[in-house]
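A.B. asks: generate a structure from the sequence data that follows.
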Amino acid sequence: MDHIAHIWPTMADLAADLGKPYPTVAAWKARGRIPADYDAALIAAADRRGFSLTYEALALARMGEMPPPPSQQDVA
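C.D. replies: Sure thing, here's the model as predicted:
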């Protein structure tokens, strides 16, 4: 989950954006991974925060290959 920490500074932020209870997100953090079932929701939530997150970046993170952090989209 370290690869998305810059998008959601707290687990409470991530829980709120995904509409999940805080204990669910805390369990993901304790396991060190978010179930792949939430990839689409993560990508959409990151976009709402102005960040680009991709399926590829999430897959690489699951494989232990940390992708570069997603960039914040230009809001002009």
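A.B. asks: could you report the neighbour count for Ala40?
C.D. replies: In terms of burial, Ala40 registers 11 neighbours under the definition other CB atoms under 10 Å. C-beta coordinates here come from the backbone N, C-alpha and C atoms, glycine included.
A.B. asks: distance of it from Ala46?
C.D. replies: Ala40 sits 11 Å away from Ala46, going by CB to CB, to the nearest Å.
A.B. asks: and if you look at His3?
C.D. replies: Separation of His3 from Ala46 (CB to CB) stands at 11 Å.
A.B. asks: and the two? which has more neighbours close in?
C.D. replies: For His3 versus Ala46, neighbours defined as other CB under 10 Å are more numerous around Ala46 (22 against 18).
A.B. asks: backbone phi and psi for Ala26, please?
C.D. replies: Backbone torsions of Ala26, given as degrees, to the nearest 10, read phi -60, psi -40.
A.B. asks: correction: Ile34
C.D. replies: Backbone geometry at Ile34, expressed as degrees, to the nearest 10, gives phi -110, psi 130.
A.B. asks: what does Ala40 give?
C.D. replies: For Ala40, the backbone dihedrals (degrees, to the nearest 10) come out as phi -60, psi -40.
A.B. asks: distance of it from Pro21?
C.D. replies: When CB to CB is applied, the distance between Ala40 and Pro21 equals 19 Å.
A.B. asks: got the contact list for Gly32?
C.D. replies: Under the criterion of CB atoms under 8 Å, 6 or more residues apart in numbering, the contact partners of Gly32 comprise Met1.
A.B. asks: ends of stretch 25-41, what's the gap?
C.D. replies: Distance between the two ends of stretch 25-41: 13 Å, counting by CA to CA, to the nearest Å.
A.B. asks: list the buried residues of the helix or strand harbouring Ile43.
C.D. replies: Using DSSP states H and E, Ile43 sits within helix 39-48. Of all the residues in helix 39-48, those buried under the rule 16 or more other CB atoms under 10 Å are Asp39, Leu42, Ile43, Ala45, Ala46.
A.B. asks: nearest spatial neighbour of the first one, skipping sequence neighbours?
C.D. replies: Nearest residue to Asp39 in three dimensions, chain neighbours excluded: Leu58, at 5.2 Å (CB to CB, 6 or more residues apart in numbering).
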